[in-house]
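1. Here is a sequence with its predicted model. Questions after.
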Amino acid sequence: MAERILMKGNEAIAEAAIQAGCRHYFGYPITPQTEIAAYMAKKMPKIGGVFLQAESEIASINMVYGAAAAGMRVMTSSSSPGISLKGEGLSYIAGSDVPAFVVNVQRGGPGLGGIQPSQSDYFQSTKGGGHGDYRMIVLAPASVQEMASLTVKGFNLADKYSMLSMILADGTIGQMMEPISFEDVAVEHYPKPWALTGTEGKRKHNIVNSLYLNPEVLEQKNFERYEKYKAVEASEVLYETYMMDDAEIGVAAFGIAARVAKNAVAAARAEGIKAGLIRPITLWPFPKQVLKDAAEQVKAFVSVELNMGQMIEDIRLATECRRPVTLCNRAGGMIPSPEQVLQSIHAAVKGGN
Amino acid sequence: MAKVTFQTDLCKGCGLCVEACPKHILVIAQGKINKKGYSPAEMTDQEACIGCAFCATMCPDCVITVEK
Amino acid sequence: MAIVFEKPKALTDAVLHYCPGCPHGIIHRLVAEAIDTLGIEGRAIGVAPVGCAVMAYDYFTCDMIEAAHGRAPATATGIKRCRPDNIVFTYQGDGDLASIGMAETVHAAARNENITVIFVNNAIYGMTGGQMAPTSLPGQVTQTSPYGRDVNHCGWPIRVCELLATLEGPEYVARVAVNNVKNVKSAGKAILKAFQNQVDKKGFSLIEVVSACPTNWGMTPQQALKWVESDMLPYYPLGVYKDRSAAKEAESK
């Protein structure tokens, strides 16, 4: 068994990234993710890597774009308002089909919001964020261990599909400490023949670009990109279920909300209520099928979120509204208690809100 | 003895070469139209050319080759 | 007879999309000539901007990337930090470099990022059809300053070289022009030096090329080059604004 060490969530991401072969980090300070940058600043110079604090979030994501185009495993990290600024670069990276890994340790919004944990960037990360038709693989860790393993996974998937992948965490998991190990996900390597390396006079020039003025060509590019996304949806969905076998109330939650929800499900079971939990680990691709299948079995769903109700829309779409879905939420940096979730389960049993 | 060759079909007829020529031996051929629809530059007196390449220096479209 | 002038090898055979008489073509050629002279085509990586030169990626034979508007120095930084032995250059216009991308420009210079920046200043937004640029002259009529640039309303044009020369960071900052044969030749030398500096790992070099936009200035190409001389150069004087290596050398003598 691999050695287990006690680590903070944000530092687990940074260390896992290094272990995944990332040697280039570009970022800009923002709470509550700054430990990632600090860890990189300390480690990178000692292992022949590059840590560079950019002049802005915008510059940092465009440095990532350049490094990704140069064929490197590269990352940036930020928190909600900073991710908004990175939206432009994310769109260019997506439109140029180069792989990059981005971390969002969410805080409450909108605007400057607050610095306490939140999940209110669900829409931003799963539906877009930047302009144009594109998707990112969005991974939602619920433990410090997953912060590490999903980081390695995120780099692997980005390179495998030549696209963006993102860790959508929150301030709680970013700041909490848990014992973890680093050897549970193998590092994968994929060829990058499109990379900007210099032609060395041996090949035609590579062009990394997202501009296609001919609408027919641009349409075709979009079609091809969505074929790739289809393949991701077919093979890369991740989720965890807990006590769903005979569940009559399906609680759905991701990230830190899922930990609270799990306690509430256990409490409901202790009361004799057949509750279960579905925890999407990939928010995109969203585990549509498991929710659709669950709709055949449960009487109602409860979506537990640290926002005003965002994932609930995907649950309704996935289940084609065949069962009522109620929202159990807090926002602005507040976290629901297991009791609040249990009350929502009670309400769902009674068929009310 | 010098020789100036134009890739006439790439010429946009801007006339910067005409202006640059110290010997005043280049003109825009008003009566002609190239593939792109422009009246191209042309040499009127090859013998008088000194091969200074001023025309090529000012040509934005790399249309001109100069030999000497 | 021997060839004394031909198209440089670092340019592709693609036909330039620029308007007749647009000096972008001249400046592209000067960049390509520098690449040829230094024999660095195989390790050069170019960064195209958003603006008229957006399709520069089709014109250079080296590896190319198209950056977001104003972000070319950041994108170039990302590439250069990954591949320090490659020769990385950006090619940007005045809106790209001096307006939306000013932060990226200043900070790349402050870091003395070992890249080469070619900055084409023609005092107008060309691609979008002739709007006021950060370098449009006082009183200059554009689509968005139809009564002439009113400096009391929208401020003064920015002299990029002078501004960057105040920084400790950059290695080499110079302003050249392409309005006549003599100036084109000097511009070529400055651009070559800006690439040579990178090869020699000296750091950030920026060449501001005072250029023209006949189409959006509403002039013939000949009139436009005369306007460069009469109106632009008095506001944007040519010269070397910073040359750290030369200054050090002078100091040590």
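-> Here it is on my side, so go on.

2. elements contacting the host helix or strand of C:K182?
-> Element membership of C:K182 [criterion: DSSP states H and E] is helix C:181-199. For helix C:181-199, the packing partners by 3 or more CB pairs under 8 Å, 6 or more residues apart in numbering or on different chains; DSSP states H and E come out as helix B:54-58, helix C:24-38, strand C:87-93, strand C:116-121, strand C:172-177, strand C:205-210. To be clear about C-beta, it is placed using only N, CA and C from the backbone, and glycine gets the same treatment.

3. so what's the closest residue to A:S118 other than its chain neighbours up against?
-> Leaving aside its chain neighbours, A:S118 sits nearest to A:G108 (4.2 Å; criterion: CB to CB, 6 or more residues apart in numbering or on different chains). Counting by CB atoms under 8 Å, 6 or more residues apart in numbering or on different chains, A:G108 touches A:S80, A:G114, A:I115, A:Q116, A:P117, A:S118, A:S120, A:A331, A:G332, A:G333.

4. and the residue of the stretch 51-200 of chain A nearest chain C?
-> The stretch 51-200 of chain A approaches chain C most closely through A:G66 (2.6 Å), counting by CB to the nearest CB.

5. Could you check how far the nearest residue to that residue once chain neighbours are set aside is from C:V50?
-> Leaving aside its sequence neighbours, A:G66 sits nearest to C:G78 (CB to CB, 6+ apart; 2.6 Å). Distance, C:G78 to C:V50, using CB to CB, to the nearest Å: 17 Å.

6. picking that back up, for the residue of the stretch 51-200 of chain A closest to chain C, give me phi and psi.
-> Note on A:G66: backbone dihedrals following degrees, to the nearest 10 are phi -60, psi -50.

7. For it, give me the pLDDT.
-> A:G66 carries a pLDDT value of 98.

8. quick one: it and C:R83 touch, right?
-> No. Counting by CB atoms under 8 Å, C:R83 is not a contact partner of A:G66; they are 9.6 Å apart.

9. For chain C, what lies in contact range of chain A?
-> Contact residues, chain C versus chain A (CB under 8 Å from any CB of the partner chain): C:12, C:41-45, C:47, C:54-55, C:57-58, C:60-68, C:71, C:74-83, C:86-87, C:103-104, C:106-107.

10. Mind checking which of the residues you listed are in helices?
-> Secondary structure from DSSP state H places C:74-82, C:103-104, C:106-107 of the residues of chain C next to chain A in helices.

11. Show the contacting residues for C:I118.
-> Counting by CB under 8 Å, 6+ apart, C:I118 makes contact with C:I27, C:V31, C:F89, C:T90, C:Y91, C:Q92, C:I191, C:A194, C:I207, C:V209.

12. just to revisit the earlier point, please convert the contacts of A:G108 to a markdown table, extending it with neighbour count and pLDDT.
-> Shown next, in a markdown table, are the contacts of A:G108 (neighbours: other CB atoms under 10 Å in any protein chain shown; pLDDT from 0 to 100):
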| residue | neighbour count | pLDDT |
| --- | --- | --- |
| A:S80 | 27 | 96 |
| A:G114 | 16 | 94 |
| A:I115 | 15 | 94 |
| A:Q116 | 18 | 95 |
| A:P117 | 25 | 93 |
| A:S118 | 29 | 96 |
| A:S120 | 23 | 97 |
| A:A331 | 17 | 97 |
| A:G332 | 15 | 95 |
| A:G333 | 20 | 95 |
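
13. What about the closest residue to chain A within chain B, how many residues nearby?
-> At 17.7 Å from chain A, B:C62 is the closest residue in chain B, using CB to the nearest CB. B:C62: 23 surrounding residues under other CB atoms under 10 Å in any protein chain shown.

14. Setting the sequence-adjacent residues aside, check what's closest to it.
-> Closest residue to B:C62 apart from its sequence neighbours, by CB to CB, 6+ apart: C:K7 at 4.0 Å.

15. Surely the one you found is within a helix?
-> No. Read with DSSP: H, G, I helix; E, B strand; the rest coil, C:K7 is coil and lies in no helix.

16. Show me where the stretch 151-300 of chain A dips below the pLDDT cut-off.
-> The model of the stretch 151-300 of chain A has no residue with pLDDT under 70.

17. I meant to write the stretch 1-150 of chain A there.
-> The stretch 1-150 of chain A contains residues with pLDDT under 70 at A:1.

18. repeat for chain B
-> In chain B, no residues with pLDDT under 70.

19. what about C:A103, how many residues close to it?
-> Neighbours of C:A103 using other CB under 10 Å come to 17.

20. A:G66 and C:R83: which has the busier surroundings?
-> Neighbours around A:G66 and C:R83, counted as other CB under 10 Å, are more numerous at A:G66. The numbers are 34 against 22.

21. all helices in chain B, in order from the N-terminus.
-> So, for chain B - with DSSP H - the helices run B:16-20, B:54-58.

22. isn't A:T241 right next to A:A275, touching?
-> No. Applying CB under 8 Å, one finds A:T241 not in contact with A:A275, separated by 12.0 Å.
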